[in-house]
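S.K.: Sharing a sequence plus its predicted fold:
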Amino acid sequence: MNTIAIIILAAILFDYTLNFLADYLNVSKIRNELPEAFEGIYDPDRYRKSQQYLKANTRFGWVAATFNVAVMLVFWFAKGFPLLDEWVRSLGSNPILTGLVYMAVLVSLKGLLSIPFSVYATFVIEERFGFNQTTWKTWVADLAKGILLAVLLGTPLLAGILAFFEHAGENAWWYCWIAITLYMLGVQFIAPTWIMPLFNKFTPLEDGELRSAILSYASSIEFPIENVFVMDGSRRSSKSNAFFTGFGKHRRIVLFDTLIKRHTTAELLAVLAHEMGHYKKKHILLTMILGILQMGIMLYLLSIFISYQGLFDAFFMPQKSVYGGLIFFAMLYSPIDFLMGIFMQMLSRKNETAADRFSAETTRDPQSMEAALKKLSVHNLTNLMPHPLYVFLNYSHPPVLQRISDLRQVSALS
Ligand SMILES: [Zn+2]
């Protein structure tokens with residue numbers, strides 16, 4: 001084993017152990033007493049059920065993670081990468097097509113192995129806790145559409161990246177950077193009208209109290225929106241959500257039907273005010289810019305390592321190739337990716353607190369935001385007492401009790 005192989009192996013094992021430890025601490029924190037803020041809201045049976053849900057998901061996560069690491073190590077040390085390389089080269093095509101086939105085989109293998117886990121998560125765990133509303137028919141159709149989209153959208157992008165690194169020499173990394181950025185923006189642009197309707201139905205919210213409340217709030221904070229839509233989230237799960245799509249003046253609000261069903265107008269408004277807060281405070285734009293910068297750094301490092309012999313030796317590859325370099329570099333990069341991920345989660349938690357505050361201040365109704373958070377947590381069987389290490393590694397939002405106490409501070413100040 002060379003240094004590169006040792007670094008990659010250590011990174012895989014470190015990641016696995018750290019997540020195992022965080023999961024273990026998270027589950028050991030389970031206590032019977034209900035936190036004060038949830039007294040009278042969470043009935044004891046449902047609270048116990050939320051703890052069983054946490055345990056079931058944690059156990060499932062361990063099995064999946066162990067399986068994935070084991071498969072990866074076996075494939076690596078049984079010389080799966082060079083064997084596959086030999087086969088795709090024997091097809092005798094040009095380097096770009098050869099690279100596409102190589103990657104397609106790897107992605108398909110990974111996808112195939114993940115199917116049983118996805119089935120178990122949806123039809124066993126989510127089913128047992130009363131969240132699943134997906135039928136087999138919808139599940140299979142989703143899978144087929146997902147594959148088709150991945151092929152249609154992924155192939156040209158990947159072919160472009162392979163071609164740049166094959167032919168553009170030292171300029172390849174920033175050609176790729178520009179191309180990927182434009183491509184992602186393009187996909188986001190067409191997503192609301194072309195991609196999302198493939199999976200869900202979007203109907204304009206009918207005139208009434210909710211619609212006029214949303215529109216008048218939006219204009220009170222000078223936030224232009226094109227329309228408000230209802231999405232049939234209940235087709236798949238009873239869990240609920242709200243989000244925005246589109247750019248500039250074409251922004252649309254999307255509310256899950258499951259969210260509308262369970263919340264009062266004031267609570268829905270508080271949730272939407274939070275979402276608009278992300279825009280008003282430029283969180284979306286900032287996160288996007290940071291993502292683009294990160295990609296630039298990664299592509300630059302990729303351009304340095306892509307033809308480094310040690311990278312290929314680590315995976316027993318006798319011949320260098322652009323596609324091999326891409327895959328192996330991604331693994332070498334994973335420790336940096338891990339650190340950047342932690343930084344992005346920290347930033348995200350900070351932004352969530354700011355958006356909660358924005359909602360509380362502009363609606364002058366922190367109580368409704370608190371009520372909405374409580375209802376959501378009880379319905380979604382949210383873990384009320386996560387371990388700080390688990391939060392540090394995995395949470396994009398602060399734990400709900402933290403959010404509630406921050407909201408209460410806003411109401412105490414106003
Ligand atoms: Zn948010």
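M.R.: Right, received. Where do you want to start?
S.K.: ok, now how distant is the closest residue to residue 31 other than its chain neighbours from residue 108?
M.R.: Leaving aside its sequence neighbours, residue 31 sits nearest to residue 385 (Cβ to Cβ, 6 or more residues apart in numbering; 6.7 Å). Every residue, glycine included, has its C-beta placed from N, CA and C. According to Cβ to Cβ, to the nearest Å, residue 385 and residue 108 sit 40 Å apart.
S.K.: Show me which of the two is the more surrounded one.
M.R.: Counted by other Cβ atoms under 10 Å, residue 385 and residue 108 do not tie: residue 385 has more neighbours, with 15 against 11.
S.K.: hang on, that one is in a strand, isn't it?
M.R.: No. Secondary structure of residue 385 (DSSP: H, G, I helix; E, B strand; the rest coil): coil, not part of a strand.
S.K.: Look up phi and psi at it.
M.R.: Main-chain torsions, residue 385, degrees, to the nearest 10: phi -120, psi 60.
S.K.: can you tell me which residues contact it?
M.R.: With contact set as Cβ atoms under 8 Å, 6 or more residues apart in numbering, residue 385 has these partners: 29, 30, 31, 35, 399, 401.
S.K.: Now with 10 Å, please.
M.R.: Listed by Cβ atoms under 10 Å, 6 or more residues apart in numbering, the contact set of residue 385 reads 26, 29, 30, 31, 33, 35, 51, 54, 399, 400, 401.
S.K.: helix/strand/coil for the third one?
M.R.: Reducing the assignment to helix, strand or coil with three-state DSSP, the entry for residue 30 is coil.
S.K.: how near is the closest residue in space to it that isn't next to it in sequence to residue 131?
M.R.: With sequence-adjacent residues excluded and distances taken as Cβ to Cβ, 6+ apart, residue 30 is closest to residue 51, at 5.0 Å. The spacing between residue 51 and residue 131, counted by Cβ to Cβ, is 16 Å.
S.K.: Next, count neighbours for residue 276.
M.R.: Neighbourhood size, residue 276 [other Cβ under 10 Å]: 23.
S.K.: Point out where the chain drops to low pLDDT.
M.R.: For the chain, the stretches flagged by pLDDT under 70 are 414.
S.K.: hang on, the earlier thing: check the spacing between the residue nearest to residue 31 and the ion real quick.
M.R.: 21 Å (Cβ to the ion, to the nearest Å).
S.K.: quick revisit: which residues touch the residue nearest to residue 30?
M.R.: Neighbours of residue 51 in contact, by Cβ under 10 Å, 6+ apart: 27, 30, 31, 32, 381, 383, 384, 385.
S.K.: One more: residue 224?
M.R.: Counted by Cβ under 10 Å, 6+ apart, residue 224 has contacts 218, 248, 249, 250, 251.
S.K.: Find the nearest non-adjacent residue to the third one, please.
M.R.: It stands for residue 249. Per Cβ to Cβ, 6+ apart, closest to residue 249 is residue 224, 5.2 Å.
S.K.: cool, the last one as well?
M.R.: Setting aside the residues directly before and after it, residue 251 is nearest to residue 225 in space (Cβ to Cβ, 6+ apart), at 5.2 Å.
S.K.: What's the separation between that neighbour and the ion?
M.R.: 17 Å.
S.K.: now swap in residue 185 and tell me
M.R.: For residue 185, the distance to the ion - Cβ to the ion - is 22 Å.
S.K.: Is it correct that that residue is in contact with residue 179?
M.R.: No. At 11.1 Å, residue 185 does not count as touching residue 179 under the criterion of Cβ atoms under 10 Å.
S.K.: what about those two, which has more around it?
M.R.: Of the pair residue 185 and residue 179, residue 179 is the one with more neighbours under other Cβ under 10 Å, namely 15 against 12.
S.K.: if I pick residue 348, what's in contact with it?
M.R.: For residue 348, the contacting residues are 283, 287, 395, 396, 397, 398, by Cβ under 10 Å, 6+ apart.
S.K.: So which residues on the protein come close to the ion?
M.R.: 352, 355 (Cβ under 5 Å from the ion).
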